[in-house]
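sequence and predicted structure are below.
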Amino acid sequence: MSTKQAAHYPKPIYMDHAATTPCDPRVVEAMLPYFTEHFGNPGSRNHKMGWDAEAGVDLAREQVAKLIGADEKEVIFTSGATEGNNLAIKGAAYLYEKAPAGSGQPRGHIITGTIEHKAVLDPCKRLQKEGFDVSFLQAPPDGVYTAAMVLAAIRPDTILVSIMWANNEIGTINEIREIGKVCKERGIIFHVDGTQWVGKMPTDVNKDNIDLLTFSGHKMYGPKGVGAMYVRRRGPRVRLQALQDGGGQERGFRSGTLNVTGIVGLGKACEIAMQEMEHDAMRLAKLRKKLEDGLTSRLDSSAVNGHKDKRLPHIANISFGFVEGEGLMMAIKEIACSSGSACTSASLEPSYVLKGLGVGDELAHSSLRLSLGRWTTEAEVDFAIEKIVQGVSKLREMSPLYDMYKEGIDISKIEWAHH
Ligand code: PMP
């Protein structure tokens with residue numbers, strides 16, 4: 001849609017918090033002085049402007065560290081989870097490789113999953129081209145990766161395991177602590193893409209056995225274009241090869257003048273999350289249940305995707321049989337949500353995550369991801385239920401397949417004529 005069209009479009013209710021969240025006004029307030037008053041470069045060591053900016057960054061580093069149970073020295077600021085994932089995965093692979101490129105041996109073995117975000121899959125695919133072996137573990141139908149699955153894939157030359165904490169499309173939660181234990185016992189570096197988890201659910205990098213953790217500010221009511229990365233310093237001290245050369249900021253891991261305003265905002269978002277996530281999670285779990293129950297009880301042939309319980313409290317991914325994906329999105333224009341994932345909805349490919357779980361192409365197309373957030377109200381949930389029930393019912397009225405299904409004809413047994 002063009003910006004011109006967008007200007008005349010009525011404002012829908014927002015149920016796409018897994019794509020991004022609005023900035024919390026308290027975050028914006030904390031950021032504002034750093035645009036104008038405290039505008040200095042935190043790398044400027046000789047004057048007050050530099051020191052003031054540095055103080056803002058230092059506070060943010062403390063706030064981030066506290067949220068994830070880390071030491072401040074273990075926090076590296078990045079531009080977001082995409083950069084963090086690239087740095088974690090490539091940076092660790094290059095530094096811990098077992099055989100040099102061109103030796104004829106695999107440079108090392110990496111384990112990840114097929115339903116990871118592209119910001120993990122694509123760095124892994126690049127490493128594969130560069131001579132690393134990568135095992136992409138197939139997702140089970142419930143979407144939850146277990147320690148046993150990872151253990152079965154470990155080889156003597158495994159150097160890195162990268163498994164996301166919670167999936168961005170279906171919200172499923174993987175066995176992070178147990179996978180971390182398996183890795184720790186074998187001296188394998190464990191990276192976790194925590195983009196959908198951190199700031200929503202309790203995090204402790206030590207108890208959870210994590211070596212590298214990456215996340216983005218804009219998924220937790222902070223600004224876009226800023227993120228953080230945890231790099232373990234003790235037991236073991238994890239090293240990374242930097243991907244960007246320059247001024248040596250962030251202890252050499254990530255050169256470039258710090259995004260001070262963004263970092264201050266991320267810090268504030270972490271502080272608020274510490275105080276409010278438990279309350280938010282409980283409230284959203286109730287609303288999500290209402291949404292899912294409301295839809296699946298009123299619409300037959302609809303199903304929630306992913307594990308029933310091992311899921312984030314605010315993401316619902318539901319497939320509706322006998323409707324066509326594009327038609328469904330058109331029918332519910334009053335609700336801002338995703339079909340599959342925001343990152344793949346630009347193309348008409350069915351979601352690779354849903355396909356990865358074994359959901360068929362048709363159903364994957366006619367699935368909605370509805371993700372709730374800090375300001376989602378019960379009235380909005382009621383509204384969404386009504387609109388989706390109306391939309392799906394209307395589309396089904398026009399569907400000959402749905403008529404046949406209602407008449408008890410087994411559609412899977414029909415032999416279609418191909419012209
Ligand atoms: N990982 C996951 C699980 C995500 O959901 C996202 C955002 N969709 C990213 C990585 C990338 O984050 P960013 O676009 O902020 O770099």
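Yep, it's here. Numbers count the residues shown, from 1 in each chain.

which parts of the stretch 151-300 of the chain sit against the ligand?
Counting by Cβ under 6 Å from any ligand atom, the stretch 151-300 of the chain comes close to the ligand at M164, N168, D193, T195, Q196, S216, H218. Placement of C-beta: from N, CA and C, glycine included.

what's the following helix or strand after the lengthiest helix in the chain?
Selection of the longest helix in the chain by residue count, based on DSSP state H, yields helix 260-298. Sequence-wise, the next helix or strand downstream of helix 260-298 (DSSP states H and E) is strand 302-304.

residue boundaries of the strands in the chain?
Along the chain, the segments classed as strands by DSSP state E run 13-14, 75-78, 109-113, 133-137, 158-162, 189-193, 212-216, 227-231, 302-304, 315-320, 335-336, 367-371.

same list (the ones you listed) but as a markdown table, adding mean pLDDT.
Formatted as a markdown table, the strands of the chain follow (pLDDT from 0 to 100):
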| stretch | mean pLDDT |
| --- | --- |
| strand 13-14 | 98 |
| strand 75-78 | 98 |
| strand 109-113 | 98 |
| strand 133-137 | 98 |
| strand 158-162 | 98 |
| strand 189-193 | 99 |
| strand 212-216 | 98 |
| strand 227-231 | 98 |
| strand 302-304 | 96 |
| strand 315-320 | 96 |
| strand 335-336 | 96 |
| strand 367-371 | 96 |
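
will you turn those strands into JSON lines that also has mean neighbour count?
What follows is these, written out as JSON lines (neighbours: other Cβ atoms under 10 Å):
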{"stretch": "strand 13-14", "mean neighbour count": "18"}
{"stretch": "strand 75-78", "mean neighbour count": "26"}
{"stretch": "strand 109-113", "mean neighbour count": "25"}
{"stretch": "strand 133-137", "mean neighbour count": "18"}
{"stretch": "strand 158-162", "mean neighbour count": "24"}
{"stretch": "strand 189-193", "mean neighbour count": "28"}
{"stretch": "strand 212-216", "mean neighbour count": "30"}
{"stretch": "strand 227-231", "mean neighbour count": "29"}
{"stretch": "strand 302-304", "mean neighbour count": "19"}
{"stretch": "strand 315-320", "mean neighbour count": "24"}
{"stretch": "strand 335-336", "mean neighbour count": "18"}
{"stretch": "strand 367-371", "mean neighbour count": "27"}
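
export these to a markdown table and append columns for distance to V359.
Formatted as a markdown table, the strands of the chain follow (distance: least, Cβ to Cβ, whole Å):
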| stretch | distance to V359 |
| --- | --- |
| strand 13-14 | 25 |
| strand 75-78 | 33 |
| strand 109-113 | 16 |
| strand 133-137 | 18 |
| strand 158-162 | 24 |
| strand 189-193 | 22 |
| strand 212-216 | 27 |
| strand 227-231 | 30 |
| strand 302-304 | 9 |
| strand 315-320 | 6 |
| strand 335-336 | 21 |
| strand 367-371 | 7 |
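
closest to T257 out of these?
Each of the strands of the chain has some distance to T257 by Cβ to Cβ; the shortest is strand 75-78, at 10.9 Å.

could you export the closest one as PDB, CA atoms only?
This file holds the C-alpha atoms of strand 75-78, laid out as PDB (Å, rounded to 0.1, in the frame of the first residue of the first chain):
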ATOM      1  CA  VAL A  75      26.200  -6.700  27.400                       C
ATOM      2  CA  ILE A  76      27.000  -5.500  23.900                       C
ATOM      3  CA  PHE A  77      24.700  -3.000  22.100                       C
ATOM      4  CA  THR A  78      23.700  -3.700  18.500                       C
END
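
in its sheet, what does that strand sit against?
strand 227-231 (antiparallel) (DSSP bridges).

got the angle between the partner strand and helix 260-298?
Compare the direction of strand 227-231 with that of helix 260-298 by axes from the mean of the first three to the mean of the last three Cα atoms, to 10 degrees and you get 100 degrees.

alpha carbons only: can I get strand 227-231 in PDB?
Taking Å, rounded to 0.1, in the frame of the first residue of the first chain, the C-alpha atoms of strand 227-231 are listed here in PDB:
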ATOM      1  CA  GLY A 227      19.200  -4.300  20.400                       C
ATOM      2  CA  ALA A 228      21.500  -6.000  22.800                       C
ATOM      3  CA  MET A 229      23.500  -9.100  22.900                       C
ATOM      4  CA  TYR A 230      24.800 -11.100  25.900                       C
ATOM      5  CA  VAL A 231      28.300 -12.600  25.600                       C
END
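
count the residues that sit near G187.
When neighbours are counted by other Cβ atoms under 10 Å, G187 registers 10.

whoops, I mixed them up, L287
L287: 20 neighbours (other Cβ under 10 Å).

check C124 too.
23.

list the contacts for it?
Counting by Cβ atoms under 8 Å, 6 or more residues apart in numbering, C124 makes contact with I89, I110, T112, E116, V134, F136, S162.

find the nearest non-adjacent residue to R233, please.
E74 (5.1 Å; Cβ to Cβ, 6 or more residues apart in numbering).
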